[in-house]
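Need coordinates for the following:
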Amino acid sequence: MKGAFLIAECKERVYINLPGKYRLPKGKVLQCRRLIYGLKQAAHGWNQMFVKWLLDYGFVNVDNDGVTFVKNVKKGDESVSKILLSIHVDDGLAACNDKAMYKEFIAAMSKDFDLSDSGELKWFLGGKVEQDRENGIVRLSQEQYCNDVLKRFQMDDCTPVDTPCEANLHLAASDSPPLDKRNAEVVRNYQQLIGACMYLTCFTRGDCSFAVNQCARFMSNPGPTHISAAKRILRYLAGTRSLGITYRRGAVDPSLLSVWVRTAPNQLSASADADHAGADDRRSVSGWAIMLAGAMIAWSSKRQPVTAISSTESEFYSVSQCALDCVYLRRIMELLGYEQTAPTHIAQDNNACIFLVKGSGMYARAKHIDTRVHRVREFAAGDKPEVQLYKIAGECQPADIFTKGLPRVAFQRHRRTIMGE
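Numbers count the residues shown, from 1 in each chain. Alright, predicted model coming up:
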């Protein structure tokens, strides 16, 4: 969309000066009638106006955030034509199963907005998209972005390593220098490095999530150990620049097959794990991944907000957060037309946690756990549960990659599972 922020009307009274050497006549002022770039309310005003246009055109917002929309049109032969639209500021992705419907949509937008249709998706927000329609394969990667990051931090000729962090990595605040000896230039470079890596982990490189998460804890005062760990991430990226996420039509979560759990295509599955008291402050680390079409579509590696007093409690926190996102994605999938006919299976390697979720006693040991965490019990109860936990062996738990540093063999095994390799 061209000049998006200049289209919406300015509802507030905002006055501006003429640029450069130009001056207004005495007693005259300029008032904005439309939003302009630089105003705090410009992005919000544009989003409100565009979302209203989409809703008037017949779209339905499926995530309540003004990001993802769908329009369904039933035909005489009972088939359904649909357009899926996802917007990011003034960029958008559209998918449609009816070319005539798509052309009509673009023509209607062109009457009200100055837009350009780039055709089949190949690049989006720095990520490369490769599509094989015949075999039903979609692959997302960020090789060019990796090259730019490595060159920016002068690591493009470094020696690659097989894992983004050492096995059983535990960074500590005691490795940070005293505050009065902190080097502002070192801190700024460290923050830029970790920020660049965070964008990778949020888009296609979830295999680096744990390592980046650990380094990000010391953004304000990194020490030599933290800087070394951050550079190791770049060394890992140097050896896996072309690695990406591969989705395959009809594929299912490989970890389900390892325990003979059957599920239909287009059904969500997940795995959740935790590393109990692994940090220097004894906080546990939660990690989970939600899978679709043979690879992860959502993932997280995050330190828990409270100190868990047992491994069961730390696993319970992780499963609870995973279940919340599973329920959210189930509702989006159903609004998009992909009904979830069975509960979303969540892999868990802790028997006590599974019993706790199922409500098989153990209440006395869990009464101190925050009430909101127990919501997962509601999702797993009733005649039509939305999630269902199943036991998986610890060495087969793919979410382990998000909770701790792993040896090379285990890391690469779990990476193949979550990335769809």
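
alpha carbons only for contacts and neighbour counts from here, please
OK.

List the residue ranges of this protein that fall below the pLDDT cut-off.
Within the chain, the stretches with pLDDT under 70 are 77, 256-262, 360-365.

try 80
Low-confidence segments of the chain (pLDDT under 80): 1, 19-20, 63-66, 75-79, 253-265, 278-281, 359-374.

ok, longest helix in it?
Taking DSSP state H as the criterion, the chain has its longest helix at helix 311-335.

Against Gln154, how distant is Ser314?
39 Å (C-alpha to C-alpha, to the nearest Å).

more crowded one of these two?
Remark: of Ser314 and Gln154, Ser314 carries more neighbours, 24 against 11, as counted by other C-alpha atoms under 10 Å.

Count the neighbours of the residue lying closest to that one once chain neighbours are set aside for me.
Excluding its sequence neighbours, the residue lying closest to Ser314 (C-alpha to C-alpha, 6 or more residues apart in numbering) is Ala308, at 5.4 Å. Neighbour count for Ala308, taken as other C-alpha under 10 Å: 19.

I'd assumed Phe316 was in contact with Ala308.
No - Ala308 is beyond contact range of Phe316, at 9.6 Å (criterion: C-alpha atoms under 8 Å).

How about Ile36: what's its closest non-neighbour residue?
Going by C-alpha to C-alpha, 6+ apart, Ile36 has Leu6 as its nearest residue, at 5.1 Å.

Can you get me a residue count around that neighbour?
Close neighbours of Leu6, defined as other C-alpha under 10 Å, add up to 17.

quick one: it from Ser271, how far?
Using C-alpha to C-alpha, we find Leu6 at a distance of 45 Å from Ser271.

now Leu335
Using C-alpha to C-alpha, we find Leu335 at a distance of 23 Å from Ser271.

These two - which one has more neighbours?
Taking neighbours as other C-alpha under 10 Å, Leu335 and Ser271 compare with Ser271 leading, 30 against 16.

quick check, that one in a strand?
Yes - using DSSP: H, G, I helix; E, B strand; the rest coil, the assignment for Ser271 is a strand.

ok, now how distant is the residue nearest to Ile36 from Met49?
11 Å.

can you check Val161 too?
In terms of C-alpha to C-alpha, Val161 sits 49 Å off from Met49.

out of the two, which sits in the busier spot?
Between Val161 and Met49, counted using other C-alpha under 10 Å, Val161 has the larger neighbour count: 18 against 13.

Identify the residue nearest that one in space, chain neighbours excluded?
Tyr236 (5.0 Å).

That neighbour against Met155, yeah?
No - with contact defined as C-alpha under 8 Å, Tyr236 does not reach Met155; the gap is 10.7 Å.

would Gln144 count as being in a helix?
Yes - using three-state DSSP, the assignment for Gln144 is a helix.
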